[in-house]
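Chemist: Next come a sequence and a model predicted from it.
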Amino acid sequence: MKPGWLIGIAWRSLRRAPVRSLLTMLGVIIGVASVIVMVGLGLGAQAEVEARVLALGTHLVVVTPGSAAAAGVSAGAGSLNRLSVEDAERILSQSTVVAAVSPVVTTRTQARARGTNWRTALHGVGLAFLDIRGWPLTEGRPFTEDDLRARRKVCLLGSTVATALFPDGGAVGQRVLARGVPLEVVGVLDTRGPSPDGVDQDDLILVPSTTAQARLAGWQTVSQILVQAESAAAVPLALEETRAILRASHRLADWQEDDFTARDQAQIAAAAQGTTRVLTLLLAAIASVSLLVGGIGIMNIMLVSVTERTREIGVRRALGARRRDILAQFLVESVVLSGLGGVLGAALGVGGAAALGAATGWSTAVSPPVVLGATAFSAGVGVLFGWVPARRAAALDPIEALRSV
């Protein structure tokens, strides 16, 4: 029989019992829609993580303290800090592909202004920090060379701190007391939102690194060094040169391990996206179970259909239909049933993902390959679970089928 005839026969069969056909397709519809929505949420989360990692800075290498060990026991990352402002200066002067460097000195403090207090992070940074992070100001000015050289008591406020301490605005020109030191607010940073690990990036105060070391933090080491390569292609070389320069600066022998950790954005992004990738696969696997349940429903209904249409099968065989024609007829009917359910489920999934993102504010990313793959898989479910009913229909004896009432 021609494919067009088979599809026409299958369509007429489904139209004879539209409610039953719709209920049969329901499992596939829900399964396909669930896969698309769940994967869309996962892909949206991955894209959000990637965007927030890129927001940390462009072409970035991050250097953090290493770990100390005693009697063969490691104290953990960050337990050994030998990073200094001089290290940052050496990286900038000796590297061939580094465009900018900024040391970062980090501590916590209780900030006070106008009778209001707010506990926040305080970062001492270099002049290049805002350029490396791509972080503009909404008002005021950035730090200057004179601010660093003179260790001036000036600061930039993150939008969260600015709103907490100065809810009516007008933060620039005001004074904030941090660790007993009055700091003049010279600017307010633009809003950045949470970091990849969920920390509010706007909940901070920036001061010149020299001011932080001399007047606020009380130590000469730095918490991290931000290194910006000249281009994305230069990041691997910048990472390699940074390690070599720091090892020479810290006088480490060839057999000694690094007493610092240097990672580029690709490594940071890969680490941050690992959890969301696993979660996406897990959600997709769970949602796919409903597709299999839908396939079982199709098989059951098709078996019932074979029983109900036994006489019809006998008539077709009597008129010259071969076993393979009957097999193809019921198999195509199953595929049409599941395929139509897949198309309806894909439409529901795309719309559901968009509606969920709009209602909750979550990031969703509907992938066309995922939509096509889920729809094609639904058709495959029709083949898989329609095979048994089709084989049973094809195996019926024509004489016995004609005797059926």
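Modeler: Structure received. Numbering: from 1, shown residues only.
Chemist: Quick check: chain neighbours aside, which residue is closest to Arg108?
Modeler: Ala121 (6.0 Å; CB to CB, 6 or more residues apart in numbering). From N, CA and C alone the C-beta is placed, and that goes for glycine too.
Chemist: where in the stretch 101-250 of the chain is pLDDT low?
Modeler: Low-confidence segments of the stretch 101-250 of the chain (pLDDT under 70): 195-198, 218-219.
Chemist: at 80 instead, please
Modeler: For the stretch 101-250 of the chain, applying pLDDT under 80 flags the ranges 194-199, 217-220, 232.
Chemist: For it, just list every one of the helices.
Modeler: 129-133, 145-149, 159-165, 209-211, 235-249 (DSSP state H, counting those that start in this stretch).
Chemist: Tell me which of the ones you listed lies nearest to Asp87.
Modeler: Evaluated with CB to CB, the helices of the stretch 101-250 of the chain place helix 235-249 nearest to Asp87, the distance being 5.5 Å.
Chemist: And the strands in the stretch 201-350 of the chain?
Modeler: For the stretch 201-350 of the chain, applying DSSP state E, counting those that start in this stretch gives strands covering 204-208, 224-229, 260-264.
Chemist: Distance of Leu281 relative to Ser84?
Modeler: 43 Å (CB to CB, to the nearest Å).
Chemist: more neighbours, the two?
Modeler: The residue with more neighbours, out of Leu281 and Ser84, is Ser84; 17 against 13, by other CB atoms under 10 Å.
Chemist: Any idea what that one is bridged to?
Modeler: Beta-bridge pairing of Ser84 under DSSP bridges involves Thr221.
Chemist: what number of residues lie near Ala285?
Modeler: Ala285, neighbours per other CB under 10 Å, totals 11.
Chemist: Same check on Leu216?
Modeler: Neighbours around Leu216, by other CB under 10 Å: 21.
Chemist: Who are the contact partners of it?
Modeler: 107, 109, 122, 124, 178-179, 181, 207 (CB atoms under 8 Å, 6 or more residues apart in numbering).
Chemist: Pick the one among those closest to Ala353.
Modeler: Nearest member of those to Ala353, counting by CB to CB, is Leu122, at 40.8 Å.
Chemist: pretty sure the closest one contacts Leu156?
Modeler: No - in this structure Leu122 lies outside contact range of Leu156 using CB atoms under 8 Å: 10.9 Å.
Chemist: Please say which of these two ends up with more neighbours.
Modeler: Leu156 (29 against 23).
Chemist: does the more buried one have beta-bridge partners, and which?
Modeler: Gly187, Leu206.
Chemist: From Val188, how far out is it?
Modeler: Separation of Leu156 from Val188 (CB to CB): 7 Å.
Chemist: again with Leu356
Modeler: For Leu356, the distance to Val188 - CB to CB - is 34 Å.
Chemist: The two - which one has more neighbours?
Modeler: More neighbours surround Val188 than the other of Leu356 and Val188, with 23 against 16 (other CB under 10 Å).
Chemist: Identify the residues contacting the more buried one.
Modeler: Val188 neighbours (CB under 8 Å, 6+ apart): 137-140, 156-159, 162, 171-172.
Chemist: List buried residues within these.
Modeler: Buried members of the contacts of Val188, scored by 16 or more other CB atoms under 10 Å, are 139-140, 156-159, 162, 171-172.
Chemist: Find the pair from those residues with maximum spatial separation.
Modeler: Every pair of the buried ones among the contacts of Val188 checked by CB to CB; the farthest is Gly158 and Val172, at 13.7 Å.
Chemist: Quick check: closest non-adjacent residue to Val289.
Modeler: Distances taken as CB to CB, 6+ apart place Gly31 nearest to Val289, at 7.9 Å, with adjacent residues excluded.
Chemist: I'd like to know the average pLDDT value across whichever strand or helix holds that neighbour.
Modeler: Under the criterion of DSSP states H and E, Gly31 resides in helix 18-55. Mean pLDDT, computed over helix 18-55, is 75.
Chemist: Isn't Asp200 up against Thr163?
Modeler: No - when contacts are counted by CB under 8 Å, Asp200 is not listed as touching Thr163 (11.4 Å).
Chemist: for the closest residue to Glu184 other than its chain neighbours, what are its contacts?
Modeler: Sequence neighbours aside, Val154 is the residue nearest to Glu184 in space, at 5.1 Å (criterion: CB to CB, 6+ apart). If you count contacts by CB under 8 Å, 6+ apart, Val154 has them with 143, 147, 183-186, 207-208, 211.
Chemist: ok, how many other residues are close to Ala390?
Modeler: 22.
Chemist: Next one: Arg192 from Asp200, what distance?
Modeler: For Arg192 relative to Asp200 (CB to CB), the value is 9 Å.
Chemist: The two - which one has more neighbours?
Modeler: Arg192 (19 against 16).
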